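Peer 1: could you work out the structure for the sequence below:
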Amino acid sequence: MLMSKKSCMILCLIFFAWIPTLTANAQPKIPRTDIPKDLPKEVLTQVELLYSSDPLVRGKAAVELGKIGADAAGAMPFLLDMLGDTHPLVWRTTQYFFVIGETETSPGREAAAALGKIGEPAISLLPEFCTQLQISSS
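Peer 2: Numbering: from 1, shown residues only. Next up is the predicted model:
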């Protein structure tokens, strides 16, 4: 299911408005013990990887959650916590052992992209986002 342009714009605004208000958090702030065990196995595995000390592992986990799409809706609170993770990452595209392209990103950007790919269920995070934005701005 594709996300509407309006939903995509809202999620982009969330990401770019929130980033300056956060410090460079690494793992989600939600205690690891609070990860719901009833998440689908592939979602649970990726959510657990969001707690890695390695930013590359966190970024890849966010990408995988985005690939899962709407079925990864249970990961939304964890992805929301990742938006402030600004550790620099570089994705390299290779062909026949040669690097043919590079993309600069971060785990936080990949979390925002994953929320966008989850689609409409992510819109339910808007009230929480707005509340947190007000708290962190004051």
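Peer 1: in this protein, which spans are helices?
Peer 2: 5-18, 41-49, 55-68, 76-82, 107-118, 126-137 (DSSP state H).
Peer 1: just checking, what packs against the shortest one?
Peer 2: Using 3 or more Cβ pairs under 8 Å, 6 or more residues apart in numbering; DSSP states H and E as the contact test, the elements touching helix 76-82 are helix 55-68, helix 107-118. Yep, even glycine has a C-beta here, placed from its N, CA and C like the rest.
Peer 1: and the last one, how far out from the chain's middle?
Peer 2: A distance of 4 Å separates the centroid of the chain from that of helix 107-118, by Cα atoms, centre = their mean, to the nearest Å.
Peer 1: can you tell me the centre-most residue of this protein?
Peer 2: residue 111 (1.4 Å; Cα atoms, centre = their mean).
Peer 1: surely that one and residue 62 touch.
Peer 2: Yes. Contact criterion Cβ atoms under 8 Å: residue 111 and residue 62 qualify, at 4.5 Å.
Peer 1: now for those two: what residues contact both?
Peer 2: Jointly contacting residue 111 and residue 62 under the rule Cβ atoms under 8 Å, 6 or more residues apart in numbering are 79, 82.
Peer 1: identify the residue spatially nearest to the residue nearest to the centre of the chain, adjacent ones excluded.
Peer 2: Nearest non-adjacent residue to residue 111, counting by Cβ to Cβ, 6 or more residues apart in numbering: residue 82, 3.7 Å away.
Peer 1: and residue 55, by the same measure?
Peer 2: residue 87 (3.7 Å).
Peer 1: got phi/psi on the one you found?
Peer 2: phi -60, psi 130 (degrees, to the nearest 10).
Peer 1: thinking again about what came up before, make a markdown table out of the helices and strands packed on helix 76-82 and add mean pLDDT.
Peer 2: Listed next are those as a markdown table, based on pLDDT from 0 to 100:
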| stretch | mean pLDDT |
| --- | --- |
| helix 55-68 | 96 |
| helix 107-118 | 91 |
